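J.: okay, sequence plus prediction incoming.
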Amino acid sequence: MSDARKAALHAAFQATAYVVRPHPLVGDREHVLRVDATHPELDAALTVHGFASWAFITAWNPRAQSCPAELNERFQKRLVALLEAGGHPHVSAVGEADDRSWSEDSLFVPGLSRDEALRIGRLFDQEAVLWGSVGGAAELVMCLEPFGS
């Protein structure tokens, strides 16, 4: 990936609101997550349910290439099926550009390890996933960069 494309993607990820929709697992309220930010209210809700980590992930638009809605919906159904087969609870979510120029249906997955989030992101050809642990800042985990880069 070129340096210019990498920089543009990182800027886009930074300028994204990662919105977790209300659900009992997250305290029945909406949470807006940001790269490199802490989220103490979400942490408190997750702790009540015994979760110490989480991931925000999608199957939409593999390799950051725009796909038709029908194809994205098919990819997302595969992601849901994979999570359900693994016994991973999930909450409806959406990633949305700050300027509202794009959005992607997503899932918030409490309890997912960083390694598992990375594995799933790679499986669905995602450039990145957002991952966090209770008490820590949300981390942008790049999925498609070569190891060691």
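T.: Arrived safely, thanks for sending.
J.: make it CA atoms for all contacts and neighbour counts henceforth
T.: Fine.
J.: ranges for the strands of this protein?
T.: 16-20, 31-33, 53-57, 91-97, 103-110, 128-133, 139-142 (DSSP state E).
J.: which residues does the residue nearest in space to the middle of the chain contact?
T.: Centroid check for the chain by Cα atoms, centre = their mean gives Phe56 as the closest residue, at 2.2 Å. Residues near Phe56 by Cα atoms under 8 Å, 6 or more residues apart in numbering: 18, 93, 106-109, 129-131.
J.: mind doing that once more with 10 Å?
T.: Listed by Cα atoms under 10 Å, 6 or more residues apart in numbering, the contact set of Phe56 reads 18-20, 33, 90-95, 106-110, 112, 117, 121, 128-132, 138, 140.
J.: burial count for Leu144?
T.: For Leu144, the count of nearby residues is 16 (other Cα atoms under 10 Å).
J.: tell me how far it lies from Phe56.
T.: Remark: distance between Leu144 and Phe56 (Cα to Cα, to the nearest Å) = 16 Å.
J.: the longest helix seen in the chain packs against which elements?
T.: When the chain is parsed with DSSP state H, its longest helix is helix 69-85. Of the remaining helices and strands, those touching helix 69-85 by 3 or more Cα pairs under 10 Å, 6 or more residues apart in numbering; DSSP states H and E are strand 103-110, helix 114-123.
J.: go through the shortest one and flag the buried ones.
T.: Residues of strand 103-110 classed as buried under the neighbour-count rule (16 or more other Cα atoms under 10 Å) are 104-110.
J.: what does the last one give?
T.: For helix 114-123, the neighbour count (16+ other Cα under 10 Å) marks 114, 117-118, 120-122 as buried.
J.: got the contact list for Phe13?
T.: Contacts of Phe13 by Cα under 10 Å, 6+ apart are 7, 34-35, 95-98, 127-130, 140.
J.: buried ones among the residues you listed?
T.: 34-35, 95-97, 127-130, 140.
J.: would you mind putting the helices and strands packed on helix 69-85 into TSV with mean pLDDT and distance to Ala11 alongside?
T.: Shown next, in TSV, are these (pLDDT from 0 to 100; distance: least, Cα to Cα, whole Å):
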stretch	mean pLDDT	distance to Ala11
strand 103-110	97	15
helix 114-123	97	19
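J.: let me know the pLDDT of Leu82.
T.: pLDDT, Leu82: 98.
J.: same question, Ser149
T.: For Ser149, pLDDT reads 43.
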